[in-house]
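Task: produce atomic coordinates for the following.
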Amino acid sequence: MTEIQPFLQIIQVTKSYQGTVFSGIKEVSLEIKQGKITAIIGQSGSGKSTLLNLIYGLITADEGTINFLGERVWGPDVKLIPGHEQMKMVTQQSDHLNHYAKVWDNVASLLPNTNLDYRSAKTTEVLQQLSLLDLKERRIADLSGGERQRVSIARALVSGPKVLLLDEPFNQVDASFREQLQQDIRQIVQQTGLTVIMVSHDPQEVLSLADELVVLKDGEIVETGTPQQLYHQPKKLYTAKLLANGTVFTGIKAVSLGIVTDAKTVMIYAEDFLIDKNSTENLCTIETILFKGFYEELILEQEEIRFKMINREIGKYQLNEKVNILVSRFLSFEETV
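Numbers count the residues shown, from 1 in each chain. Coordinates of the predicted model:
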């Protein structure tokens, strides 16, 4: 029976940069699933972009190998032109675009002139997928940052790569257009089987867009899983802090909120605090009220502890009002704060 080769496999890869503090990645092993969106997350300097550049072949690993469809991905020490032929990368920059040419020409120029009908049809298809068809006659110089990012993604997709690599892809996109662009990418993945690997620091972005999360800390993978798994049941405090809006307590301080635990650290998400009108315990003072649109974020204080909670009954509570708090759920960790 023929053994099925993994789609994209990173095997014990290390890449370090000179300096007093370690920078890069250490002995990373990972398999990327075909036709899925994988997000690499972590604090600044955790090695996210290094890993993405290694996968694409822009830099060479010190140790280990990266295999794509059973063949090794070589770096610039072997390849004259870095970057794998069946992958495309999009970064935050738009320097690669011809700013004085039209959107259409920027995208169509990536296709050969040997079949003009195919060139026209494929360019139209990609522009339509990314909601750019109405802008096809506009110059890049006349576009917003978000529109330029759409063009960059269209250029990457028009040649039909198997893997799309995105490095902080939505930083230049206005919030009002960001969600639509994410939906467009997800639809393209569903329609074509494209594999997307992205780097992001935005928790809402990765939770709503990714199928799989890879969490990096100091160049090492600390855990992997679906967004739902890592949000609701993170193994590491580091992961919970990356993904969720909450407050971290020592186990001793958590006792004052009615939590009995032997854990060193407790994290409570803002949505897991409730105001309990029928209780006389856990009396807290509302110190700050932050309007967030369809909800408020309340900052509460109880003696020496402060924490934040979500209130969906806007305007119901006032500054300095005393309320009783109930904790509906908490996460326990053996890591210290």
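
Helix or strand, whichever it is, which one in this structure has the lowest mean pLDDT?
When each helix and strand of the chain is scored by mean pLDDT, DSSP states H and E, helix 251-254 comes last, with a mean of 86.

So which bits of it are buried?
With burial defined by 16 or more other C-beta atoms under 10 Å, the residues of helix 251-254 counted as buried are G251, K253, A254. Any C-beta I mention is one placed from the backbone N, CA and C, and that applies to glycine too.

now for that helix, which elements pack on it?
Applying 3 or more C-beta pairs under 8 Å, 6 or more residues apart in numbering; DSSP states H and E, one finds that helix 251-254 contacts strand 265-269.

Return the residues in contact with M198.
M198 is in contact with I37, T38, A39, I40, L165, L166, D167, P169, V206, L209, A210, counting by C-beta atoms under 8 Å, 6 or more residues apart in numbering.

do the same with E271
Here E271 is in contact with M309, I310 (criterion: C-beta under 8 Å, 6+ apart).

Surely it is within a strand?
No - the assignment for E271 (DSSP: H, G, I helix; E, B strand; the rest coil) gives helix, which keeps it out of a strand.

just use 58 as the starting number from now, easier for me
Done: numbering now begins at 58, and the last item shifts to E328.

What distance do you get for it to N228?
Look at E328 and N228: by C-beta to C-beta, to the nearest Å, they are 27 Å apart.

now swap in Q143 and tell me
Distance from Q143 to N228, by C-beta to C-beta: 26 Å.

rewinding a little: narrow the contacts of M255 to those in helices?
V263, L266 (DSSP state H).

Confirm M366 sits in a helix?
No - assessed with three-state DSSP, M366 is strand; it does not lie in a helix.

what pairs with it across the strands?
For M366, the beta-bridge partners under DSSP bridges are L355.

tell me the mean pLDDT over stretch 102-113?
Averaging pLDDT along stretch 102-113 gives 95.

between Q143 and N228, which one's more packed in?
Per other C-beta atoms under 10 Å, whichever of Q143 and N228 has more neighbours is N228, with 16 against 13.

Counting neighbours, what do you get for the closest residue to that one other than its chain neighbours?
Nearest residue to N228, sequence neighbours excluded (C-beta to C-beta, 6 or more residues apart in numbering): Q149, at 5.0 Å. Using other C-beta under 10 Å, Q149 has 15 other residues around it.
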